[in-house]
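>>> With the sequence up front, the predicted model follows.
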Amino acid sequence: MRSEFQSLLRRQVSYVELIEMLRKVDEELASTGGLLRGFARSAVALQLVLMCGNVILNFFPAPTARTLYQRLVLVAVEGAGYLGGGTDEAVFRLALDRFFEAIEKTAAKEFVPGVKVVFGLMEDLASLKAALRTEVESKDELNAQAQHIRNQIGRAQAELMRIRSRVDDLTSRAQRVGTTA
């Protein structure tokens with residue numbers, strides 16, 4: 001009975017330490033989650049700034065607008081560490097370039113700034129949607145991890161209660177044996 005009692009006490013101490021450690025991890029995750037949500041909001045805000053910049057810059061003549069816009073996007077993307085892209089963006093760029101070539105060959109050059117604004121807004125809205133989706137996915141992942149940690153804490157607390165109950169049983173049994181002996 002003595003070895004079982006000692007074993008239970010060691011397990012009890014281990015579970016108390018485990019619960020304390022899991023609570024610290026939960027606090028750190030909550031703190032990190034706040035930072036991540038801040039970064040995600042920054043990415044969304046960046047997309048909104050780029051949308052405004054796109055509208056303004058697309059009213060300049062084509063060579064100037066393209067250069068200024070590219071610089072703005074490059075600075076913003078490098079500054080935020082946020083990159084979109086992929087095959088869809090490449091296809092969109094190609095279609096947009098072909099469309100502008102067709103417009104510039106015709107006599108409809110006065111429509112170029114307006115068309116650039118519309119296409120730019122379409123592209124920026126797609127990027128904004130991707131940034132919002134990333135924010136939601138990040139939040140969902142953090143919530144899932146936090147819930148997993150809370151579940152582990154709950155299981156550890158339940159096991160600790162079982163151990164304490166068993167320790168109490170052994171203690172009362174030992175007291176009965178001690179009083180009858």
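Ah, there it is. Numbering: from 1, shown residues only.
>>> per-residue pLDDT, the nearest residue to Arg37 once chain neighbours are set aside?
Leaving aside its sequence neighbours, Arg37 sits nearest to Lys139 (C-beta to C-beta, 6 or more residues apart in numbering; 6.6 Å). For glycine as for every other residue, the C-beta is placed from the backbone atoms N, C-alpha and C. At Lys139, the model reports a pLDDT of 84.
>>> Tell me how many other residues crowd Lys139.
By other C-beta atoms under 10 Å, 14 other residues sit near Lys139.
>>> mind checking which helix or strand it is in?
helix 112-180 (DSSP states H and E).
>>> from what I can see Arg41 touches Glu135, true?
Yes: with contacts counted by C-beta atoms under 8 Å, Arg41 reaches Glu135, the gap being 7.1 Å.
>>> More neighbours: these two, which one.
Comparing Arg41 with Glu135 by other C-beta under 10 Å, the one with more neighbours is Glu135, at 18 against 12.
>>> ok, that one - contacts?
Counting by C-beta atoms under 8 Å, 6 or more residues apart in numbering, Glu135 touches 37, 40-41, 43-44.
>>> One more pass at 7 Å, please.
Listed by C-beta atoms under 7 Å, 6 or more residues apart in numbering, the contact partners of Glu135 are 40, 44.
>>> What pLDDT does the model give it?
Residue-level pLDDT assigned to Glu135 equals 80.
>>> Any figure for the gap between Lys139 and Arg11?
37 Å (C-beta to C-beta, to the nearest Å).
>>> Where does pLDDT dip in the chain?
Under the criterion pLDDT under 70, the flagged ranges of the chain are 52-100, 102-104, 106-115, 181.
>>> Apply 50 and report the result again.
Low-confidence segments of the chain (pLDDT under 50): 79-87.
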